[in-house]
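Enquirer: what would the 3D arrangement of this be:
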Amino acid sequence: MQVGNFTPKNIQVKQQHHWLTNLFIPMIFILLTSFSTIWVYLTVAEKMQEELNLRLSFGVLFFLLLILTVVVMVLIWVINIQKEQMRKVETEVKQLGQYTLEEKIGEGGIGVVYKASHAMLRRPTVIKFLKPECSDRVTNIRFEREVQTTSRLTHPNTITVYDYGQTPEGIFYYAMEYIEGIDLRRLVKKFGSLSEGRVVHILRQVCASLEEAHNIGFIHRDIKPENIVISSRAGLYDNVKVLDFGLVKNVEEQKQKELPKGVTKRGMVAGTPQYLSPEAIRTPQSIDHRSDIYSIGALGYYLLTGREVFLGTKFIEICVKQVKEKPTPPSEHIETPLNEDLEKLILKCLEKDPKNRPQSTRELCDDLKWCKKLKYWTKEKAKRWWENYGARLKAEQEESLTKTPSSINGETNAR
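Expert: As a prediction, the model looks like this:
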């Protein structure tokens, strides 16, 4: 499979230790140890006890050791098979067509993400692979839907997909733009809750991205802090990118009716519980774009307060609260006064009945703009923030190679 002029080639795999070799060494060690122990003990003990009883007891011992050896062999075999599969994707793949893989930058439930560079264009890129152990017919179709959906979206606040393909080993992947920024989860964990003006600035860009998706019938279904990245690029500060359209639902075409069983199961709850709308929990097969508006409200709540709308330790516990409990006003969780219009709008997005929410992302975007007496996040403020923290964030991103944030003490006022 290829997209445009891109065909995945030249997968360079360094075969290190075959799994048989890894099995052979511990197997020989166990057997030699077993035989040596029995031989030494028999030699000494035969002088003290009857030979027949000794041979019988050590025959049983030898049989048990043999069973242990077989069990160890099976365990090592399973472990090495898993390592062999992941090694092909995570450490041994160096060249993929015109892309050179540089370093691993993240890993999710079904995918592994690498930073890469294009040989001719010299632009940084992200390559996302489907994990070999997750590769089956249903997951492959989901992965393919994700890239096909994202590639249809062209809004500047939506992540851009460059290429899509399949390696000779059958592993699916796609290439997308690399963003030198920070996701909203890490941002809040590092610097604390955000100022109301900055929250409005970010949410309006999220609305703009989703407006395009909603207009062609797509529902994101997984709006959450981890899937929103902000960056500074080309003179734009706090520029938003919406990521991960892997759970998108196509309302107009109702693609789930055409897909194999399991790709979109009727009644299956998809998404992150803290950001799921009540209808996405009760009747997930019949949700519309207003479910995303609920998630935007939950996102705004988190950015303003530094905590989710509903807390809980179990998936079902949070889902029950989403359906039945009324949200606590965000102003009760912060020390500074909160703009009344903004708070009312966030709570309106979190209404249980979709009819009581803003009816479109365009309406929500306009309502956010016209909040009265709002302390706006200006371009000058954004520029100053990125001048103070941008270089450090970039250095941390290059150094850590993970999505796990490290704390920065004493910077909660950098909002």
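Enquirer: closest to the centroid, which residue in the protein?
Expert: Nearest residue to the geometric centre of the chain (CA atoms, centre = their mean): Gly108, 4.3 Å.
Enquirer: how close does that one sit to Leu243?
Expert: Taking CB to CB, to the nearest Å as the measure, Gly108 falls 11 Å from Leu243. In short, each C-beta sits where N, CA and C put it, glycine included.
Enquirer: what of Glu211?
Expert: Plainly put, Glu211 is 17 Å away from Leu243 if you go by CB to CB.
Enquirer: residue boundaries of the strands in the stretch 201-350 of the chain?
Expert: According to DSSP state E, counting those that start in this stretch, the stretch 201-350 of the chain carries its strands in the segments 218-219, 228-233, 236-242, 249-250.
Enquirer: now, of the ones you listed, which is deepest in the fold?
Expert: strand 218-219 (a mean of 23; mean count of other CB atoms under 10 Å).
Enquirer: and that strand, what other elements does it pack with?
Expert: Using 3 or more CB pairs under 8 Å, 6 or more residues apart in numbering; DSSP states H and E as the contact criterion, the elements in contact with strand 218-219 are strand 249-250.
Enquirer: show the average pLDDT along the strand it packs on.
Expert: Mean pLDDT, strand 249-250: 61.
Enquirer: same question for stretch 297-308.
Expert: 97.
Enquirer: what does that stretch rub up against?
Expert: With contacts defined as CB atoms under 8 Å, 6 or more residues apart in numbering, stretch 297-308 is touched by 184, 188, 192-194, 196, 198-199, 202-203, 206, 223-225, 228, 274-275, 309, 327, 330, 333-334, 338, 342, 346-350, 357.
Enquirer: same check, this time on stretch 191-200
Expert: Residues contacting stretch 191-200 (CB under 8 Å, 6+ apart): 187-188, 202, 238, 300, 303-306, 334, 338-339, 342, 368-369, 371, 374-378, 381-382, 389, 408, 411-415.
Enquirer: and for stretch 108-115?
Expert: Contacts of stretch 108-115 (CB under 8 Å, 6+ apart): 89-90, 101-107, 124-131, 134, 139, 142-143, 178.
Enquirer: so for it, what's the average pLDDT?
Expert: Per-region confidence: stretch 108-115 scores 78 on mean pLDDT.
Enquirer: kindly export that stretch (C-alpha atoms) in PDB.
Expert: The C-alpha trace of stretch 108-115 is given here as PDB (Å, rounded to 0.1, in the frame of the first residue of the first chain):
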ATOM      1  CA  GLY A 108       0.100   4.300  23.300                       C
ATOM      2  CA  GLY A 109      -2.200   1.300  23.500                       C
ATOM      3  CA  ILE A 110      -1.800   0.200  20.000                       C
ATOM      4  CA  GLY A 111       0.800   2.500  18.500                       C
ATOM      5  CA  VAL A 112       4.500   3.400  18.800                       C
ATOM      6  CA  VAL A 113       5.600   6.900  17.800                       C
ATOM      7  CA  TYR A 114       9.000   8.000  16.400                       C
ATOM      8  CA  LYS A 115      10.500  11.300  15.400                       C
END
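Enquirer: okay, buried residues for that stretch please.
Expert: By neighbour count with 16 or more other CB atoms under 10 Å, stretch 108-115 contains the buried residues 110-115.
Enquirer: so, low pLDDT: which residues of the stretch 201-350 of the chain?
Expert: 246-270 (pLDDT under 70).
Enquirer: make a PyMOL selection of the buried ones in the contacts of stretch 108-115.
Expert: Selection of buried members from those for PyMOL, criterion 16+ other CB under 10 Å:
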select buried, resi 89+90+101+104+105+125+126+127+128+129+130+131+134+139+142+143+178
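Enquirer: of the contacts of stretch 108-115, which belong to strands?
Expert: 101-107, 124-130 (DSSP state E).
Enquirer: as a check, name the ranges of all helices in the stretch 201-350 of the chain.
Expert: Counting by DSSP state H, counting those that start in this stretch, the segments of the stretch 201-350 of the chain that form helices are 278-282, 290-305, 315-324, 340-349.
Enquirer: and the first one, how far out from the chain's middle?
Expert: Using CA atoms, centre = their mean, to the nearest Å, the mean C-alpha position of helix 278-282 is found 22 Å from that of the whole chain.
Enquirer: now do the buried residues in that helix.
Expert: 278-281.
Enquirer: nearest to Val71 among those residues?
Expert: Ile281 (43.9 Å; CB to CB).
Enquirer: separation between Asp367 and Ile141?
Expert: Asp367 is 38 Å from Ile141, by CB to CB.
Enquirer: next up, the contacts around Trp386.
Expert: Trp386 sits next to 232, 237-238 when contact means CB under 8 Å, 6+ apart.
Enquirer: with these in mind, which one is nearest to Phe63?
Expert: Within these, the smallest distance to Phe63 is 68.7 Å, found for Ser232 (CB to CB).
Enquirer: circling back to that earlier point, among the buried residues of stretch 108-115, which lie within strands?
Expert: 111-115.
Enquirer: would you turn these into TSV with distance to Leu66?
Expert: Listed next are these as TSV, based on distance: CB to CB, whole Å:
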residue	distance to Leu66
Gly111	42
Val112	39
Val113	45
Tyr114	44
Lys115	49
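Enquirer: and those, which is closest to Lys394?
Expert: Of these, the one sitting nearest to Lys394 (CB to CB) turns out to be Lys115, at 12.7 Å.
Enquirer: cool, thanks, talk later.
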